[in-house]
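Enquirer: Have a look at this prediction, sequence included:
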Amino acid sequence: MRNMKKKVLALLLCGAMAATMLTGCGSKEADAPAETPSVETEAPAETGEPQAEAPADGCPGVDGLNIGVCIYKFDDNFMTLYRTELQKYLEAGGATVTVMDGKNDQAEQTNQIQNFITEGVDVLIVNLVQSTAAANITDICNEAGIPVVYINREPDDAEKDRWTANGIKATYVGADARQSGTYQGEIVLNTENKGDINGDGKISYVMVMGDPENIDAQYRTEFSIKALTDANMEVEKLDEQRGDWDQARGQEIVANALTNYGEAVEVVFCNNDAMALGAKQAIEAAGRVVGKDIYLLGVDALTDALEGVIDGTITGTVFNDHIGQSHAAAEAASKFAAGETLDTLIGVDYIKVTQDNAQEILDLLK
């Protein structure tokens with residue numbers, strides 16, 4: 001039953017991912033995010049082209065490959081889901097996989113990559129500790145003749161352009177964080193008062209950021225508010241603090257904000273669900289009620305957050321599809337190893353999650 005649910009989820013996201021791959025690679029500007037995909041989307045029609053054979057639950061074309069995987073840190077909730085699915089999918093396809101914990105230390109991760117190169121891995125899959133390290137890591141891998149697939153933390157456009165200009169075998173697989181921020185804002189706009197709970201004509205908010213150097217944190221912060229202002233809503237930033245994707249930090253930041261600003265806080269935006277779960281604890285401790293006198297938004301669709309959306313203690317989240325992304329990353333590694341040339345961006349859409357579809361997403365992930 002679990003495999004069938006994952007197949008349903010894969011069908012749901014297949015069309016959205018393909019559309020992003022076609023439109024995302026040549027544009028520098030943020031296009032308007034697509035409408036939220038329905039969980040009842042049908043699979044695309046057969047093209048008639050031959051498809052690669054693959055093990056029942058494994059990645060095609062990786063049998064016999066030696067693949068190194070670098071994760072920025074193991075104790076990140078979302079990346080734990082991601083790396084577990086990635087390793088399972090690769091190993092089910094016959095690959096030898098070694099996964100390393102960067103411990104949130106770029107120097108440590110760089111050493112791990114150099115060790116992988118010395119060992120002679122066929123492909124590297126890298127979740128950077130610091131996005132700004134992409135150029136150095138790319139050059140190290142390119143000089144060794146080893147393709148690199150970046151995941152979750154996106155190198156900037158200038159770096160991706162360099163890959164194309166110099167024929168470097170590198171790509172980024174991930175979702176466009178601008179879309180996730182936009183979806184957070186849209187969830188607020190779809191509430192009965194559009195986020196203006198006290199009726200003073202403006203939305204007063206607290207922003208709990210991840211790592212400010214991370215492009216996902218930057219885009220989620222910017223575009224969640226942009227969605228409000230694009231809808232001609234006046235906004236007021238009461239507080240914006242760095243939470244480093246951490247639940248305890250999310251709780252601390254929001255507790256302090258609620259102490260300092262009290263009932264003026266109408267919306268709490270969190271760049272991920274871990275921080276939103278911490279914010280939820282702070283909101284409840286302060287005697288506030290989500291959906292009544294405050295709204296709370298996250299990103300990732302972790303199980304605990306989905307349960308919060310279902311019971312109304314979290315207003316909404318955005319599904320950061322670790323299954324679709326990890327499978328796309330594995331398949332990119334397979335194609336690189338086979339000598340194929342790939343686009344510099346392989347995109348997977350987010351899905352907006354509210355009470356209307358949270359249970360369906362939760363069921364698909366079980």
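Expert: Thanks, I have the structure now. Residues are numbered from 1 along each chain as shown.
Enquirer: how far away is the spatially most distant residue from the centre of the chain from Ala264?
Expert: For the chain, the largest distance from the centre (CA atoms, centre = their mean) belongs to Asp200, which lies 34.1 Å off. The gap separating Asp200 from Ala264 is 9 Å, by CB to CB, to the nearest Å. Placement of C-beta: from N, CA and C, glycine included.
Enquirer: just Leu345 next, same as before
Expert: For Leu345, the distance to Ala264 - CB to CB - is 40 Å.
Enquirer: who's in contact with the residue farthest from the centre of the chain?
Expert: If a contact means CB atoms under 8 Å, 6 or more residues apart in numbering, then Asp200 has no contacts.
Enquirer: who has more neighbours, Leu345 and Ala264?
Expert: Leu345 (21 against 16; other CB atoms under 10 Å).
Enquirer: Setting aside sequence neighbours, what's the nearest residue to the residue nearest the centre of the chain?
Expert: Ranked by distance to the mean C-alpha position of the chain (CA atoms, centre = their mean), the top residue is Asn320 at 4.4 Å. Spatial nearest neighbour of Asn320, excluding adjacent residues (CB to CB, 6 or more residues apart in numbering): Asp300 at 4.7 Å.
Enquirer: Below-threshold pLDDT in the protein: ranges please.
Expert: Scanning the chain with the threshold set as pLDDT under 70 gives 1-56.
Enquirer: So which residues of it form strands?
Expert: If DSSP state E is used as the criterion, the strands of the chain fall at 66-71, 96-101, 123-126, 148-151, 170-174, 202-209, 234-242, 267-270, 295-297, 317-319, 345-347, 351-353.
Enquirer: mind putting those in CSV, distance to Leu277 included?
Expert: Formatted as CSV, these follow (distance: least, CB to CB, whole Å):
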stretch, distance to Leu277
strand 66-71, 21
strand 96-101, 23
strand 123-126, 27
strand 148-151, 23
strand 170-174, 23
strand 202-209, 11
strand 234-242, 16
strand 267-270, 9
strand 295-297, 10
strand 317-319, 10
strand 345-347, 27
strand 351-353, 14
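Enquirer: wait, Asn152 sits on Met79?
Expert: Yes: using CB atoms under 8 Å, Asn152 is in contact with Met79, at 6.6 Å.
Enquirer: With neighbour numbers in mind, choose between those two.
Expert: With neighbours defined as other CB under 10 Å, Asn152 and Met79 compare such that Asn152 has more, 26 against 21.
Enquirer: Now for the more buried one: which residues touch it?
Expert: Going by CB under 8 Å, 6+ apart, Asn152 touches Tyr72, Phe78, Met79, Tyr82, Asn127, Gly174, Asp216, Gln325.
Enquirer: Against Pro60, how distant is the closest residue to Gln112 other than its chain neighbours?
Expert: Excluding the flanking residues, the one nearest Gln112 by CB to CB, 6+ apart is Met100, at 4.4 Å. Met100 sits 25 Å away from Pro60, going by CB to CB.
Enquirer: Could you do Lys88 as well?
Expert: Applying CB to CB, the value for Lys88 to Pro60 is 15 Å.
Enquirer: likewise Ala264?
Expert: From Ala264 over to Pro60 (counting by CB to CB), the distance is 54 Å.
Enquirer: ok, now Tyr150?
Expert: 21 Å.
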